[in-house]
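>>> Sequence and predicted structure are below.
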Amino acid sequence: MSINEITKSAETRMGKSIESLKTNLSKIRTGRAHAGILDHVLVDYYGSMVPVGQVANVTVVDARTLNVQPWEKQMTQVIEKAIRESDLGLNPMAMAESIRVPMPPLTEERRRDLTKVVRSEGEDAKIAVRNLRRDANEALKRSLKDKEISEDDERRAQDVVQKLTDKYVAEVDKLVAEKEAEIMKV
């Protein structure tokens, strides 16, 4: 593998780590209603466990309320039960053919717990980025050992990989700080 291929691969994979972090952070509740909050709630749909979004239409009514409209009338109670039993601390109310899900305001203690979860997600993303740096550096060492590149080229490429790592770790820190500020805002 050439130096360019190794650094491009590392950069692409580090970018995917950032995207994964963004996805994980978007699932963490901030007190405002958003349809993505129910993405990981699974419903028993004729023997298969599927996300709520696959058996119902989830919409935001206002800043503190979601509306879940099941596609099949008999799924209303099943979806309501799944939301209630999820770890989100929500109390859905079945209303005729839809389910209203009010978002309770976050307590100070719950906000602190959520910031710990955010920091943990950030740390996992940093670990992933550092592992990718290690993989790239090992690939560079293999190329040096196989005499595909010179020692100077390997050192320069390691500097490039380190700069990429620093850039993506800073991006993780920025995302975590933004999410913490969003959670702590009353």
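On my side now, so go ahead.
>>> Give me the below-cutoff pLDDT ranges for this structure.
Segments of the chain classed as low confidence (criterion: pLDDT under 70) are 29-31, 186.
>>> Please report how far the residue most central in space within it lies from residue 143.
Note on the chain: the residue nearest the mean C-alpha position is residue 24, at 1.3 Å, using C-alpha atoms, centre = their mean. To residue 143, residue 24 is 34 Å away according to C-beta to C-beta, to the nearest Å. All C-beta spots, glycine's among them, are computed from the backbone N, C-alpha and C.
>>> Identify the residues contacting residue 73.
Residue 73 sits next to residue 97 when contact means C-beta atoms under 8 Å, 6 or more residues apart in numbering.
>>> Next up, phi/psi of it, please.
Here the main-chain torsion angles of residue 73 (degrees, to the nearest 10) amount to phi -60, psi -40.
>>> Next one: it from residue 66, what distance?
Distance of residue 73 to residue 66, computed by C-beta to C-beta: 19 Å.
>>> Does residue 12 lie in a helix or a strand, and which?
According to DSSP states H and E, residue 12 maps onto helix 3-26.
>>> wait, residue 101
Residue-wise, residue 101 maps onto strand 98-102 under DSSP H and E.
>>> What is that strand packed up against?
strand 65-70, helix 76-85, strand 93-95 (3 or more C-beta pairs under 8 Å, 6 or more residues apart in numbering; DSSP states H and E).
>>> Packing partners of the second one?
So the one you mean is helix 76-85. strand 42-45, strand 65-70, strand 93-95, strand 98-102.
>>> Now do the buried residues in the third one.
Pointing back at strand 93-95 there. Across strand 93-95, burial judged by 16 or more other C-beta atoms under 10 Å covers no residue at all.
>>> Which neighbours in the sheet does it have, and how are they oriented?
Strand pairing for strand 93-95, using DSSP bridges, gives strand 98-102 (antiparallel).
>>> May I see the buried residues of the strand it pairs with?
Of the residues in strand 98-102, those buried (16+ other C-beta under 10 Å) are 98-99, 101.
>>> That strand: what's the following helix or strand?
helix 108-145.
>>> buried residues in that next one?
Neighbour-count burial for helix 108-145 flags 111, 114-115, 117-118, 121-122, 125-126, 128-129, 132-133, 136-137, 139-140, 143-144 (criterion: 16+ other C-beta under 10 Å).
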